[in-house]
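Asks: could you look at this predicted model? Sequence included:
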Amino acid sequence: MRWMKVHIHTAMVATALLLSFTLGLEDSCLRGEHHKPSPGPETSMRECLLFSNSSCCYANFTEHLVSPVTTVVKTKWNLCQNLSDSCETFMKKIECFYQCSPEAAHWMNPNYPAGLLQVPVCASFCNHWFSACKDDLTCAKNWLTDFKWDKDSNHCQHECVPFSKMYTNGTDLCHSMWGQSFIESSSSCRCLQMDDQDTVVLPFILHADSKSSNSESDVEKSCQEALLGHKKLSTSEKE
């Protein structure tokens, strides 16, 4: 079928771009306390299965993310109450990306190699995250700086309020909860959804750092075509 041929061609181009852009980073992980020195397979992960073939976290880390999640690396998620299932799902996506994704190293914070800096996430992801958590409670807007910390864990310094009161909207949530770690992308394609489509769009996200002569509009169009082909292929494989 024609769309299949287009998809295969686009996928080949995307793969070539991906190899060129990731050269030198393919064996890298963030330098956090719980990150592996380099990514590799983990066969017994209980969560974050998206990264089981090439993971920057050890399988035993994912035990912290088995529902209901209460504490992740000394950070309590349930200071106000246990998170709802829908909110917890999005929080897990963020945590899995940070701890386990080999792609996270592309956005290593140069001033703090254990952290992220302005990972471009899709506006739709931010909005769905906000919608999933809007009725859950939190006592900190920035989860990196607004808690009181002791040697054991984090503690509230302010009253617990709904996410919908703490954050204005999905953009505010993405830009605030983890400090400068994430930023909402102006593109609807060259951005991360924290799912299996991210490997398809990654080469186009990183285009901004390349010396390619292709225009931004051409790259955006190519990204949309590659993503459409990926979605069609995924749908056909499920049928």
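Replies: Arrived safely, thanks for sending.
Asks: can you pull out the helices in this structure?
Replies: Here the chain has its helices, by DSSP state H, at 2-22, 85-100, 123-133, 163-166, 170-176, 198-205, 216-238.
Asks: can you list the neighbours in contact with the shortest one?
Replies: Spelled out, it's helix 163-166. Defining contact as Cβ atoms under 8 Å, 6 or more residues apart in numbering, one finds that helix 163-166 is touched by 87, 130, 133, 134, 135, 136, 137, 138, 141, 173. For every residue, glycine as well, the C-beta is placed using N, CA and C.
Asks: contacting residues for the first one?
Replies: This points to residue 87. Residue 87 makes contact with 132, 133, 136, 163, according to Cβ under 8 Å, 6+ apart.
Asks: burial of the last one, as a residue count?
Replies: For residue 163, the count of nearby residues is 22 (other Cβ atoms under 10 Å).
Asks: pLDDT at it, what is it?
Replies: Residue 163 carries a pLDDT value of 98.
Asks: ok, the first one next?
Replies: According to the predicted model, the pLDDT of residue 132 comes to 98.
Asks: residue 206 now?
Replies: Residue 206 is assigned a predicted lDDT (pLDDT) of 86.
Asks: now for it, how many residues are close by?
Replies: Residue 206, neighbours per other Cβ under 10 Å, totals 18.
Asks: hmm, it is touching residue 103, no?
Replies: No: in this structure residue 206 lies outside contact range of residue 103 using Cβ atoms under 8 Å: 9.7 Å.
Asks: rewinding a little: closest to residue 124 among the contacts of helix 163-166?
Replies: Residue 124 lies nearest to residue 130 out of the contacts of helix 163-166, by Cβ to Cβ, at 10.8 Å.
Asks: tell me how far the residue nearest to the closest one when sequence neighbours are not counted lies from residue 190.
Replies: Closest residue to residue 130 apart from its sequence neighbours, by Cβ to Cβ, 6 or more residues apart in numbering: residue 170 at 3.8 Å. Per Cβ to Cβ, to the nearest Å, residue 170 is found 18 Å from residue 190.
Asks: turn the contacts of helix 163-166 into TSV, including distance to residue 153.
Replies: Shown next, in TSV, are those (distance: Cβ to Cβ, whole Å):
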residue	distance to residue 153
87	20
130	26
133	21
134	25
135	24
136	19
137	17
138	15
141	18
173	23
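Asks: those: which two are farthest apart?
Replies: Farthest apart among these by Cβ to Cβ are 135 and 141. That separation is 16.7 Å.
Asks: have a look at those two and say which one is more surrounded.
Replies: Neighbours of residue 135 and residue 141, each counted by other Cβ under 10 Å, are more numerous for residue 141; the result is 16 against 12.
Asks: check contacts around that one.
Replies: By Cβ under 8 Å, 6+ apart, residue 141 lies in contact with 166, 167, 176, 177.
Asks: could you redo the last one with a cut-off of 7 Å?
Replies: Residues in contact with residue 141, defined by Cβ atoms under 7 Å, 6 or more residues apart in numbering, are 166, 176.
Asks: could you report the pLDDT at it?
Replies: Residue 141 is given a pLDDT of 98.
Asks: now swap in residue 229 and tell me
Replies: Looking at residue 229, its pLDDT is 86.
Asks: report the helix or strand with the lowest average pLDDT across this structure.
Replies: helix 2-22 (a mean of 40; mean pLDDT, DSSP states H and E).
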